[in-house]
Every structure is written in C-alpha cells, then in structure tokens.
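> Have a look; sequence and predicted model below, questions after that.
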Amino acid sequence: MKKSILALGAAAVVGGLGFAGTAQAMAYFGPGSGTDATEMVLNPGGIGHELYVPYYTAQGNTATLLSITNTDLENGKVVKVRFRGAANSDDVFDFTLYLSPGDVWAGMVTKNTAVDSRGYAVISTTDKSCTVPYEAESPWHAGTPFHDDRFAPYATAEQKAANTREGYVEILNMADVPKVYAAQATNTGKPNALWTAIKHVGGVAPCTASVIDPVSADTGFFTNGVVGAETAGLAGATGGLMGGWIIIDQSNMSQFSGNAVAIAANGRANIAVSAQMEGYYGVADAVTTDPLLIGNSPIVEPQWFDFPDMSTPMVPFPTSTHAPASQAVMISEQLAKSASQVINEFLNDPNGAVPMNSDWIVSQPSRRYFAAVDYRTTPSGATTGPRIVYNVTTPEILPNHNPYWTGDAATGHGVLTLKDMAGGPQACLTGKFSKVYDREESTSSTRPVLSPTINQAALYCGEVLSLSFGRSPLSANLTNLQTNGYPAEGWGQLGLTQGDAPLPIIGFAALNGYNGSAAVGATWPHRWYYGN
C-alpha cells in the first residue's frame, strides 16, 4: 500500500452525518501512563510539543517548503499538521503524520493552476513517512489542492482560491508511539505493532493500513479510554519535534527561512488523538475554545479531523470544565509581547544600485481560540452578518500565571473590528508605528503612515498581517498593508493595541535585493525589549 495525504484534507460536512454522541470514530484526550507535565513554555531552542510556522505563501511566484523532524530516537510521533488561512485562521488543509524515531517529513506548498485554473494552493511531497488518510501516490506529483469548505459561502471562486494561498501552520504532537506497548495496554511490554508499522525499513515506512487505520483512518474506536488508546499503540506525548520553513521567490530565486516557534511541556503530556475523518464530532466544549465549534448548536459543526487544536489540553488541569480555556491562555502567555511592540528593520530603496524592499509578517496563531469571524449572513441573534464571535469562558488562573488573561478577546487579544476586505470579511486591530528611525538616527516630525490612511493609525486585519515597505518580496496580498513616507533604510516599532495589553505575536522581516541578474534574501525574526 502506498500512502499520501487525502485530498479531503479539511473538507467539512454540511449538515452532519449523525455521529453525535456515538462512538463511530476514535478520539481520546487525557493523561496516559506516566503523564506528569504541569505547564507548557516557549522553548527558544526550537524543539517542543507544539510548533508554529508564522507564515506560508503561494502567492505570485512564491513557494513554501516545510520540514518536520522527530529528534526523539526512541519513540515515534503521531502529529497533527494543520494549515490555516491568513485572513481568519480557517482550516484549509490538515492531515495526520506518523514520524518514526529520527524521521523527517518535508513538503512544498505552491500555486498550481494546472490543478485548478483559479490557482488554489497545493501541497506536494515525495516523502516516505506515513500520512493519514491514504490515497494513490500520483496526485502528490501534481499537488493536492487545499480546500475552501470553511470559507464564506458567498465568497467568489477567486476569493476562495486566494484565501488558501497565505496563512500559517500549527504542528501538534498528539501522542508518542513507543517501541513496546505502554503500561495500561492490555498487552503491556510487548512489541508495539504501531511502532513497527511506521518504522522505516530500507528507507521506506511500511505504513501498514491494518494497524494504522484503527487509530486514525477508519471507524475503529477506543471503548475504554486510556487503556484503549495505549492498547492501540499510543503513549503520552514527550515532544522532541522541530520544524523549519523556506519561502522561495521563484522569479529571482531569493529565499527567506526560519525555524518554527516551539512550545514544550515540562514533562510527558496528554494523549490527544482524534480520527482523521469527517463526520459530526458532537459537543466539543471539552476539547476546544474555538468559538465557531463550541456549544450545543455550533456555528460550524465540528468534525473529527478538527481535533486536537492548540486549545486542546496537553497538560492535566485541576478543573476540567475550563481546561481548553486554560490551555489557550497558557499558550497565549508564552507568545505574548508586552505592549504589543514589534521591533525590526526595513529596507525600501527601489532606485539603489541594488534595489531593496522588505516585508514584515506579524502572526497571531492563538487568536482563533478567543475570537473568530462568523460568515453567516443572518446568524442567530443578529440582524445582519457576518460578525465577530468570542469565547469568553473564564480559564482557571494557574500558579505563576498572569491573572490579566481572562480569556476575553477584548482584553487578551485587543479590541477587534470587522472590515470587508478584498478577500472577504476580516477581524482587525488598530496599529501604528510609535518609532521610526533611519540609519542616521533621524525621524520625521510627521510620522509615516500605513496606506491608504491619512493619520498614524490603521487597521491590522486578519490573523497574519503582511506589511510591505515597497514591493512585497513575499508577494503578500490577502492581508497586506503598504507603507508610505518611510526612509529608505531604518528600523521601526509597531504597536497593535492602544494600551499595555500583551498580544501573542510571532513573525519576521523578509528583506530582498535584486539587480536584475542576482538576488539576495534575508530573514530577521522580530525583536522586543527584554522582559516583555
């Protein structure tokens, strides 16, 4: 059997399939043998349980290469890989990846009009690691298109395609796959069939369907919680994932690259595995804070493949009722920058000996778990639509954690405004530059502005902001703002709230020089003041 990523990816089922409250697919979210993690923290070393790639793009002539590595030489990993759109964090493609000890998976995202004339993002790979679901190998060579099921139903075909071409990536260690079955399995201590099914032999993983399918790819299910999960070959997650990304401008071959941001638990984390299947999951409040997926009458019916997400508890919380909210706050705290200040350099000299330009990418990967855009034109309780909806569940405030975080998006993630953009409705923050200096210490008495505004403030729209100084090296489009009146070279400090509210931010500056024959690209992660 050959394997690759199913074209289904993130396809949603409208109306549900009647699976609510039944055990028609596998899911277990909770501690396993030896689970002892109590918190999750940002690891500057780049290795952890959860990874976030701040930006991918297939706009214009760009392509994005992604790699995911298992640095654990003893345990395999069950990994959720989810691509989310830049506008509103909509799931545009996700799959389950099995990494054997020491394994690396790599893939590439491009725009492929040969697959679809509107230019959807497509993903391709020749990697030999196991992925779920399965399909024939050949579609990988042309690219498997991303999906538009979660976009506004009234969006045009071109808008839907554009919304697949920019976004960010979340990578989650759902569980480990030990060499022998874990302590609570019915066959404790025996060789683990799942480990053997994903372990490379002669450079190729067997990907034995009869072993993998009951965990991820068919209607098999766990009937007795942790015992069932461990009997299927799973164990609590120990992390050890690292990731990297490269964005290539294929018109001049300039490149921009970086490491994925890593969040690590301080011990063995929960098992958090759900089947890579469509079908109505049921009430999902215990496993997510996504405002569109929670409640007895969710705005979007949650599917099995929607889980886990970043708010799914990876550590045991004393009060399970508020565990997803506590998880979302814990992650947001680790990514937060005091006073929301983004500091970096820029170049914008189109007339120099080597014409230069730059982009800033500002990504908020945890905002989706506090606020989201409801695309419905006539949502329940509203006279018009779309609208911004919030999850204001109060999290448990844990020891040594900031009581400022209440789970309220209006405080924890800024005051959001809905705006109709070219790609569709987006939630926006107010942003402005508090500092702009050129290379010789000079600053203008009249501060530069974000086009097309006429004052210092502008709306930062979408989950991933792209801010261009001159031509966009990344061909950014979906949430792009252009700057006006800036010096050719210098540095700036961008604030995205009007007070001292911390804001979870990751991102970088991409700088490009091209003289018509040779190109150079540079990538600088955003900076901030010590202690922020």
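Great, that's in hand.
> all contacts plus neighbour counts: C-alpha atoms, from now on.
Will do.
> from what I can see Gly431 touches Cys461, true?
No - counting by Cα atoms under 8 Å, Gly431 stays clear of Cys461, with 9.6 Å between them.
> Looking at the two, which is more packed in?
When Gly431 and Cys461 are compared for neighbours, Cys461 comes out ahead with 28 against 20, by other Cα atoms under 10 Å.
> which residues sit in contact with the more buried one?
For Cys461, the contact set (Cα atoms under 8 Å, 6 or more residues apart in numbering) comprises Ala87, Lys419, Gln426, Ala427, Cys428, Leu429, Thr479.
> Apply 6 Å and report the result again.
Gln426, Ala427, Cys428 (Cα atoms under 6 Å, 6 or more residues apart in numbering).
> Could you save those residues as a markdown table and add columns showing distance to Thr312, neighbour count and pLDDT?
Formatted as a markdown table, the contacts of Cys461 follow (distance: Cα to Cα, whole Å; neighbours: other Cα atoms under 10 Å; pLDDT from 0 to 100):
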| residue | distance to Thr312 | neighbour count | pLDDT |
| --- | --- | --- | --- |
| Gln426 | 25 | 27 | 93 |
| Ala427 | 23 | 23 | 92 |
| Cys428 | 25 | 23 | 90 |
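> now, which of these lie within strands?
Gln426, Ala427, Cys428 (DSSP state E).
> got those as JSON lines, with distance to Asp94 columns?
Converted to JSON lines, those look like this (distance: Cα to Cα, whole Å):
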{"residue": "Gln426", "distance to Asp94": "22"}
{"residue": "Ala427", "distance to Asp94": "23"}
{"residue": "Cys428", "distance to Asp94": "26"}
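> which residues does Ile271 bridge with?
In this entry, Ile271 is beta-bridged to Gly30, by DSSP bridges.
> what's stretch 27-46 in contact with?
235-236, 261-274, 315, 334.
> Name the residues of the longest helix seen in the chain that come out as buried.
If you go by DSSP state H, the chain has its longest helix at helix 323-335. Buried residues in helix 323-335, defined by neighbour count with 16 or more other Cα atoms under 10 Å: Ala323, Pro324, Ala325, Ser326, Gln327, Ala328, Val329, Met330, Ile331, Ser332, Glu333, Leu335.
> what's the burial count for Tyr486?
By other Cα under 10 Å, 23 other residues sit near Tyr486.
> My impression was that it belongs to a helix - is that right?
No - counting by DSSP: H, G, I helix; E, B strand; the rest coil, one finds Tyr486 to be coil, located in no helix.
> immediately after the worst-scoring helix or strand of the chain on mean pLDDT, which helix or strand?
When the helices and strands of the chain are scored by mean pLDDT, DSSP states H and E, strand 449-451 comes last with a mean of 47. The helix or strand immediately downstream of strand 449-451 is strand 458-461, counting by DSSP states H and E.
> then that following strand to CSV, C-alphas only?
Below are the C-alpha coordinates for strand 458-461, written out as CSV (Å, rounded to 0.1, in the frame of the first residue of the first chain):
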residue,chain,number,x,y,z
ALA,A,458,-4.5,51.9,10.5
LEU,A,459,-6.4,48.7,10.8
TYR,A,460,-4.4,45.5,11.1
CYS,A,461,-6.7,42.9,9.5
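> so what strands line up beside that strand?
Taking DSSP bridges as the criterion, strand 458-461 forms sheet pairs with strand 424-438 (antiparallel).
> Tell me how far the partner strand lies from the chain's centre.
Its chain's C-alpha centre and that of strand 424-438 lie 22 Å apart, by Cα atoms, centre = their mean, to the nearest Å.
> residues in contact with Ala522?
Residues near Ala522 by Cα under 6 Å, 6+ apart: Phe256, Ala510, Leu511.
> Look up the closest residue to it, ignoring the ones flanking it.
Among residues not flanking Ala522 along the chain, Leu511 sits closest, at 5.1 Å (Cα to Cα, 6 or more residues apart in numbering).
> can you count the residues close to that neighbour?
26.
> Reduced to three states, what does it come out as?
Here Leu511 is recorded as strand under three-state DSSP.
> For Asn112, give its distance to Val122.
Between Asn112 and Val122 the computed distance is 6 Å (Cα to Cα, to the nearest Å).
> And these two? Which one has more around it.
Remark: of Asn112 and Val122, Val122 carries more neighbours, 26 against 19, as counted by other Cα under 10 Å.
> burial measure for the nearest residue to that one once chain neighbours are set aside, as a count.
The spatial neighbour of Val122 that comes closest, neighbours along the chain excluded (Cα to Cα, 6+ apart), is Pro145 at 4.1 Å. Per other Cα under 10 Å, the neighbour tally for Pro145 reads 28.
> Equivalent analysis for Ala518, please.
Ala518, neighbours per other Cα under 10 Å, totals 11.
> Repeat that for Glu230.
Applying other Cα under 10 Å, we find 28 other residues in the vicinity of Glu230.
> Then it would be within a helix, right?
Yes - assessed with three-state DSSP, Glu230 lies in a helix.
> Now do it against Thr38, distance only.
Look at Glu230 and Thr38: by Cα to Cα, they are 21 Å apart.
> hmm, who's touching stretch 72-80?
96-102, 171-178, 240.
> Out of the contacts of stretch 27-46, which end up buried?
The buried subset of the contacts of stretch 27-46 (16+ other Cα under 10 Å) comprises 235-236, 261-274, 315.
> Show me the shaky parts of the stretch 101-250 of the chain.
115-116, 134-142, 218-223 (pLDDT under 70).
> mind listing the helices for it?
Along the stretch 101-250 of the chain, counting by DSSP state H, counting those that start in this stretch, helices occupy 139-142, 157-164, 193-198, 209-216, 225-231.
> Tell me which of those helices lies nearest to Asn357.
Distance to Asn357, taken as Cα to Cα, is lowest for helix 157-164 among the helices of the stretch 101-250 of the chain, at 23.1 Å.
> which helices and strands sit right next to the closest one?
The contact analysis (3 or more Cα pairs under 6 Å, 6 or more residues apart in numbering; DSSP states H and E) places helix 157-164 against no helix or strand.
> For it, buried residues please.
So, applying 16+ other Cα under 10 Å, buried residues of helix 157-164: Gln159, Lys160, Ala161, Ala162, Asn163, Thr164.
> can you list the residues you listed in JSON lines and add distance to Lys190?
JSON lines is the format used below for the buried residues of helix 157-164 (distance: Cα to Cα, whole Å):
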{"residue": "Gln159", "distance to Lys190": "52"}
{"residue": "Lys160", "distance to Lys190": "49"}
{"residue": "Ala161", "distance to Lys190": "48"}
{"residue": "Ala162", "distance to Lys190": "50"}
{"residue": "Asn163", "distance to Lys190": "47"}
{"residue": "Thr164", "distance to Lys190": "44"}
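> Just flag the most distant two among the residues you listed.
Farthest pair in the buried residues of helix 157-164 (Cα to Cα) is Gln159 and Thr164. Separation: 8.9 Å.
> Residues contacting stretch 336-355, please?
Outside of stretch 336-355, the residues within contact range by Cα under 6 Å, 6+ apart are 356-358, 469-470, 488-496, 500-504, 513-515, 526-528, 532.
> What residues sit buried inside stretch 92-99?
Buried residues in stretch 92-99 (16+ other Cα under 10 Å): Val92, Phe93, Asp94, Phe95, Thr96, Leu97, Tyr98, Leu99.
> Which element, helix or strand, includes the fifth one?
Thr96 is part of strand 91-99, with elements assigned from DSSP H and E.
> Run the angle between that strand and helix 157-164 for me.
Strand 91-99 runs at 40 degrees relative to helix 157-164, counting by axes from the mean of the first three to the mean of the last three Cα atoms, to 10 degrees.
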